[in-house]
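Q: Here you go, sequence then predicted model.
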Amino acid sequence: MTMKLRIPILNVLCLLFLALTGINTATAARYSAVTDDGSGAIATVNPRATQAAMEIYAQGGNAVDAAVTAALTLGVVDGHNSGIGGGCFILIRWADGRIEAIDGREMAPAAAHRDMYVRNGVADKRLSKTGALAIGIPGSLAAYDYLLKQGGNKRLSDTLASGINLADQGFAVDEVFATRLSWVADRISQFPASKAVLLKADGSSLAAGDRLIQKDLAETYRNIATHGIHYFYRGKFAQAVGKWMQNNGGIVTAGDFENYVIKKRAPLITDYRGYQIVGFPPPSSGGVHVGQILNILEPFNLAELPKADRYHLLAEAMKLAFADRAYWLGDPDFARVPKGLIDKSYAQSLGQSINMTKAQPVAQQGQPPNADVDFFGKHTTHIAAADKAGNWVAITTTLNTSFGSKVMIPGTGVMMNNQMDDFSMQPGVANAFGLVGVEANSIQPGKRPLSSMSPTLLLKEGKPILTLGAAGGPTIITQVVQGLVNNIDLDMLLPDALAAVRVHHQWKPDLLLTEKAMPESISKELISRGHQIKVRNYMGATQAVSVNDLGNFVAASEPRIIERNRQSK
């Protein structure tokens, strides 16, 4: 991999300008940030979160402090995607070379059971998406606290400061926030605390430019800063959740919060063209299927293939992987997830079934080697950060769909997740993203639902050179794959690798999603091969940080989001 761009480094004001507008003269708004003193870099979906992280760097913080600061700030300014009411996966390569996978995924409450959404024999999809029964026990805050205690230079209170100020003083919501809010305003209005904060007096949703003030959230952040995460998991916040649940037909208790623990997983490492791909293991499906798809692609010379052939091949490989995902993947503490899914010989056998001239239906999952004996051990945003000391951080965090369960716990300002929808509520019944599953991902007390979150590190000869991840439900997996393919196989500079047109296929429904920017000639060729195409204006949001040949960091934020905001002005 080569990073060919030499970056002029000026000062912090210039840095923040780069975070908002980019430095690639050919294509604006693609490079996000490089520090002026060489201490580190950050890429996030929101310029306020990027600025808060850069200020922590300036105050002596490292990549851990910057990433956690960004995450907690995003919980205020990007609350439709993430917050302390949700969960996360963290992949970190520490300065001493250790790599950890920290599972802060939401957990099913003790009273959860496999048929909790079944009414008269039929799954009621509404119950897992909106309201009390949709909520899992959040883990993000516990994971951030662990990360800071293990290797941060700052205290948790330091990383909360920016979020406190923004929640207290308010900020002008952007076009993306306003649009997402307008989509769910009718459901937000069902919950008085949510309605009071997010909707206007007449019941309409906030528009772009309107000021959002969140006094209760600021106070919750202050209490956490003062009392630590004990306040959240064993104190007044947990008690407030338990009380609200009792009064609103929920099953989460204060005891569920007290029993929550993060889990340290073994990072999943696969090889691709001489690079080491470090992914997150189950209950993430990301590491497994990013690795599996790349294994399927590896025998093909992607750089020499015409674009239509390459997109066709990507679609067919995705289809095969997602069929396996639906059957085999789940929480490894409850389901036996075979390691053979990332076996190269298995991938090669799948790749040999691909017809390069015709799209083929995939009837069912494959049969990886040793599937009965060799197992893995027991709406979203992504943050990428790195520092000169050698800490590389990838955090993917989420409430699930926009504004999660739509429930804000009264008096706290905290919007709660609807992560229970990521379980298979009934075999063959699709969730909010159209994904289906079977027994491996069924609901059980204390279990963590399957996720597409794919925080990823790329190493060359053991040295980190890239960290990336994405938002966008199941498209997270395929975004990460395409970002890596574009960078490694096609030798694209990092921002161009993120900006290239994306495709996505998740087996069911049998549709190939493409972006509006896809050339018409390629779309027609894909249709002629039997693909049923559905066009989206944009697909997903990837954040990444790499290091160039000069040893300078290059941080790239999703160009589609910047472009959408630019067009809305």
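A: Thanks, I have the structure now. Just so we're clear, the structure is a prediction, and the values are computed from it rather than from any experiment. Numbering: from 1, shown residues only.

Q: Where does the prediction get shaky in the protein?
A: Low-confidence segments of the chain (pLDDT under 70): 1-38, 363, 371-379, 426-438, 562-569.

Q: Domains in this protein, by residue range?
A: According to automatic domain parsing, the chain comprises the domains 43-264+395-441, 266-379+454-568.

Q: Show me which helix runs longest in this protein.
A: helix 307-328 (DSSP state H).

Q: which strands and helices sit next to that helix?
A: If contacts are counted by 3 or more Cβ pairs under 8 Å, 6 or more residues apart in numbering; DSSP states H and E, helix 307-328 sits against helix 286-297, helix 344-352, helix 475-488, strand 503-504, helix 520-528. Yep, even glycine has a C-beta here, placed from its N, CA and C like the rest.

Q: Mean neighbour count and distance to Ala556 added to the ones you listed, as TSV?
A: Listed next are the helices and strands packed on helix 307-328 as TSV, based on neighbours: other Cβ atoms under 10 Å; distance: least, Cβ to Cβ, whole Å:
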stretch	mean neighbour count	distance to Ala556
helix 286-297	28	18
helix 344-352	17	28
helix 475-488	27	9
strand 503-504	25	20
helix 520-528	14	24
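
Q: want to try TSV for these, with distance to Arg48 as columns?
A: Compiled in TSV, the helices and strands packed on helix 307-328 are given as follows (distance: least, Cβ to Cβ, whole Å):
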stretch	distance to Arg48
helix 286-297	27
helix 344-352	41
helix 475-488	23
strand 503-504	29
helix 520-528	37
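
Q: How about Ile42: what's its closest non-neighbour residue?
A: Spatial nearest neighbour of Ile42, chain neighbours left out: Ala53 (4.3 Å); criterion: Cβ to Cβ, 6 or more residues apart in numbering.

Q: That neighbour: what's it in contact with?
A: Going by Cβ atoms under 8 Å, 6 or more residues apart in numbering, Ala53 touches Ile42, Thr44, Ala66, Ala67, Thr69, Ala70, Thr73, Ala385.

Q: Name the SS class of Ile395, please.
A: strand (DSSP: H, G, I helix; E, B strand; the rest coil).

Q: Can you get me a residue count around it?
A: 33 (other Cβ atoms under 10 Å).

Q: Which strand residues bridge it?
A: Ile90, Ile383 (DSSP bridges).

Q: OK, contacts around it?
A: Ala67, Val68, Ala71, Cys88, Phe89, Ile90, His382, Ile383, Ala385, Pro455, Gly469.

Q: still on that earlier bit, please, which helix or strand holds the residue nearest to Ile42?
A: If you go by DSSP states H and E, Ala53 is part of helix 47-58.

Q: The stretch 101-250 of the chain: helices as residue ranges?
A: Using DSSP state H, counting those that start in this stretch, the helices found in the stretch 101-250 of the chain span residues 140-151, 156-169, 175-188, 192-198, 215-227, 230-233, 236-247.

Q: okay, the ones you listed in a markdown table with mean neighbour count and distance to Tyr275 next?
A: As requested, the helices of the stretch 101-250 of the chain are exported to a markdown table (neighbours: other Cβ under 10 Å; distance: least, Cβ to Cβ, whole Å):
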| stretch | mean neighbour count | distance to Tyr275 |
| --- | --- | --- |
| helix 140-151 | 22 | 25 |
| helix 156-169 | 21 | 32 |
| helix 175-188 | 19 | 33 |
| helix 192-198 | 18 | 43 |
| helix 215-227 | 19 | 39 |
| helix 230-233 | 20 | 39 |
| helix 236-247 | 18 | 42 |
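
Q: For Gly209, give its distance to Gly75.
A: Using Cβ to Cβ, to the nearest Å, Gly209 is found at 21 Å from Gly75.

Q: Of the two, which one has the most company?
A: Using other Cβ under 10 Å as the criterion, Gly209 and Gly75 rank with Gly75 on top: 31 against 11.

Q: Just give the nearest non-adjacent residue to the more buried one, would you?
A: Gly83 (3.6 Å).

Q: what's around that neighbour, how many residues?
A: When neighbours are counted by other Cβ under 10 Å, Gly83 comes out with 29.

Q: ok, so what distance separates it from Asp387?
A: For Gly83, the distance to Asp387 - Cβ to Cβ - is 25 Å.

Q: Over to Asn301?
A: Applying Cβ to Cβ to Asn301 and Asp387 gives a distance of 36 Å.

Q: Ala238 too?
A: Here Ala238 is placed at a distance of 34 Å from Asp387 (Cβ to Cβ).

Q: Looks like Tyr260 contacts Gly136 (just checking).
A: No: look at Tyr260 against Gly136 with Cβ atoms under 8 Å: they stay out of range, at 9.7 Å.

Q: Those two: who's more crowded?
A: Using other Cβ under 10 Å, the more surrounded residue of Tyr260 and Gly136 is Gly136, with 31 against 22.

Q: Now the more buried one, what are its backbone angles?
A: phi -100, psi 170 (degrees, to the nearest 10).

Q: who are the neighbours in contact with it?
A: Contact analysis of Gly136 by Cβ under 8 Å, 6+ apart lists Gly87, Glu106, Met107, Ala108, Pro109, Asn417, Gln419, Met420, Pro449.

Q: now Leu466
A: Met1, Leu457, Leu458, Asn487, Leu494, Ala544, Val545, Ser546, Val547.

Q: farthest pair in the residues you listed?
A: The span of those, defined through Cβ to Cβ, is set by Leu457 and Leu494 at 14.4 Å.

Q: Switch the contacts of Ala53 over to JSON lines; also include secondary structure and distance to Glu439.
A: Conversion of these to JSON lines gives the following (DSSP: H, G, I helix; E, B strand; the rest coil; distance: Cβ to Cβ, whole Å):
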{"residue": "Ile42", "secondary structure": "strand", "distance to Glu439": "40"}
{"residue": "Thr44", "secondary structure": "coil", "distance to Glu439": "37"}
{"residue": "Ala66", "secondary structure": "helix", "distance to Glu439": "41"}
{"residue": "Ala67", "secondary structure": "helix", "distance to Glu439": "35"}
{"residue": "Thr69", "secondary structure": "helix", "distance to Glu439": "40"}
{"residue": "Ala70", "secondary structure": "helix", "distance to Glu439": "37"}
{"residue": "Thr73", "secondary structure": "helix", "distance to Glu439": "39"}
{"residue": "Ala385", "secondary structure": "strand", "distance to Glu439": "38"}
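
Q: and which of these is nearest Gly330?
A: The closest of these, once distances to Gly330 are taken by Cβ to Cβ, is Ala67, at 27.8 Å.

Q: Can you report how many residues neighbour that closest one?
A: 34.

Q: roughly how far apart are it and Phe300?
A: Separation of Ala67 from Phe300 (Cβ to Cβ) stands at 35 Å.
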